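Undergrad: Sharing a model prediction with you, sequence too.
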Amino acid sequence: MDTYSVVIPTYNGECYIEQTLLSALNQKRAFDEIIVSDDNSTDRTLDICYNYNNKIKIFKNENGPSGFVNGWNNAIAKATGDYVSILHQDDLLDASFLLKMAKLCENNPDVLHLFSTCNYLDEKGKVTGVSFPATDEMVRYSGLEYVKAYQNLGNLHIHRVPGVITHRSIFEKIQYHPQAGHIADDDFFYRVGMFTDVIGILKPLASYRIHNQSETGKLDDGKLVKRLIDDYSFQVKQWKHSDFLDEEAYNFFIRNLKKFKKRYLGYGIKQLDLSKIIYALK
């Protein structure tokens, strides 16, 4: 029988980590292991996690912080399950998540990456939206179809990181790219499509929290846009000579790069900031 790990990368996540842990612990089908991989937090994150020490595995990177993308990879490296799910320190899983996803895995052993859609939560836990309207439908995509669905369907994306299960053999081929920055999750999902078909449940079995203490929420809009210019520049270079993506999928990266450059140019003109103007035009 396949085994399932959930990994929770943490760094100064005391505000929500207990809720996150409980959502992993209170599954109708239990995970075979729950791993917290801490990037050298300086708040009460680890103190809270140690309250559940008899039910979870805790690792601490004494040399951290190493950055959120490296934190994801470090957490995945600790997992021993056949399938691995990443759960951010501020996100949640529905109690039926693993029960339903494991059944899909068992019925479709040739598929190495599966997802559910998700709710969006505010900082108080109120549902503010969904990544995709719930239909309870199961969809199966080829790798390229999955890329296009992720690029074009849903609110921001058809799904987010919480709610995904990936076979460990995929992680032996690819990891999360630090160079992909704030869209390292998107980048990973695009590359997953090179190795497997993908199955999704169009029902929110996870919740993605949006708040001002997240990696993205901490940035003002100007800094975020500048980083997204770098991130989409990386995508344009990475996929330029790819045999996997077609022109439609590749142009998605070009459009987004142009969009964020145009926005950053607008900031530069409005603020009379020559450095921003030059950066947007290069």
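TA: Arrived safely, thanks for sending.

Undergrad: just for the stretch 101-250 of the chain, where's the confidence low?
TA: With pLDDT under 70 as the threshold, the stretch 101-250 of the chain has low-confidence stretches at 213-219.

Undergrad: Quick one: the strands in it, in order.
TA: Assigned by DSSP state E, counting those that start in this stretch, the strands in the stretch 101-250 of the chain fall at 113-121, 127-130, 138-141, 164-167, 198-209.

Undergrad: Just the CA trace of the third one, in PDB.
TA: Presented in PDB, the C-alpha positions along strand 138-141 are these (Å, rounded to 0.1, in the frame of the first residue of the first chain):
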ATOM      1  CA  MET A 138     -12.700  14.700 -11.700                       C
ATOM      2  CA  VAL A 139     -10.500  15.900 -14.600                       C
ATOM      3  CA  ARG A 140      -7.500  14.300 -16.300                       C
ATOM      4  CA  TYR A 141      -5.000  16.300 -18.300                       C
END
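
Undergrad: any idea how far that strand is from the chain center?
TA: Averaging C-alpha coordinates over strand 138-141 and over its chain gives two centres that are 19 Å apart (C-alpha atoms, centre = their mean, to the nearest Å).

Undergrad: S23 reaches L92, doesn't it?
TA: Yes - taking C-beta atoms under 8 Å as the contact criterion, S23 and L92 are neighbours in contact, 4.3 Å apart. Yep, even glycine has a C-beta here, placed from its N, CA and C like the rest.

Undergrad: which of these two has more neighbours?
TA: The residue with the greater number of neighbours, taking S23 and L92 and applying other C-beta atoms under 10 Å, is L92; the counts read 25 against 20.

Undergrad: pLDDT score assigned to the more buried one?
TA: At L92, the predicted lDDT confidence score is 98.

Undergrad: Show me which parts of the lengthiest helix in the chain are buried, residue by residue.
TA: Longest among the helix segments of the chain by residue count, using DSSP state H, is helix 247-271. Within helix 247-271, the residues that count as buried by 16 or more other C-beta atoms under 10 Å are 249-250, 252-253, 256-257, 260-261, 263-265, 267-268.

Undergrad: Now do the helix or strand that it is followed by against helix 247-271, angle only.
TA: Moving toward the C-terminus from helix 247-271, the next helix or strand (DSSP states H and E) is helix 274-281. Regarding helix 274-281 and helix 247-271, their directions subtend 160 degrees when assessed with axes from the mean of the first three to the mean of the last three C-alpha atoms, to 10 degrees.

Undergrad: what packs against helix 274-281?
TA: Using 3 or more C-beta pairs under 8 Å, 6 or more residues apart in numbering; DSSP states H and E as the contact test, the elements touching helix 274-281 are helix 221-239, helix 247-271.

Undergrad: Let's test this: mean pLDDT of it, rounded?
TA: The model assigns helix 274-281 a mean pLDDT of 88.

Undergrad: If you count neighbours, what's buried in that helix?
TA: Residues of helix 274-281 classed as buried: K276, I277, Y279, A280 (neighbour count, 16+ other C-beta under 10 Å).

Undergrad: For Y16, see how far away the closest residue in space to the second one that isn't next to it in sequence is.
TA: Translated: I277. Using C-beta to C-beta, 6 or more residues apart in numbering and skipping residues adjacent in sequence, the residue nearest I277 is G268, 3.8 Å away. Remark: distance between G268 and Y16 (C-beta to C-beta, to the nearest Å) = 36 Å.

Undergrad: do the same with T10
TA: Between T10 and Y16 the distance, using C-beta to C-beta, works out to 10 Å.

Undergrad: what bridges to I199?
TA: L114, R140 (DSSP bridges).

Undergrad: who are the neighbours in contact with it?
TA: Contacts of I199 were listed using C-beta atoms under 8 Å, 6 or more residues apart in numbering, and they are L104, N108, V111, H113, L114, F115, M138, V139, R140, Y141.

Undergrad: A102 versus the second one, what's the distance?
TA: According to C-beta to C-beta, N108 stands 11 Å off from A102.

Undergrad: out of the two, which sits in the busier spot?
TA: Each of N108 and A102 has its neighbours counted (other C-beta under 10 Å); A102 has more, 20 against 14.

Undergrad: right, and that one touches V6 too?
TA: No - because the distance of 11.8 Å does not satisfy C-beta under 8 Å, A102 is recorded as not touching V6.

Undergrad: ok, how many other residues are close to K124?
TA: Residues within reach of K124, counting by other C-beta under 10 Å, total 7.

Undergrad: scratch that, N26
TA: When counting by other C-beta under 10 Å, one arrives at 11 neighbours for N26.
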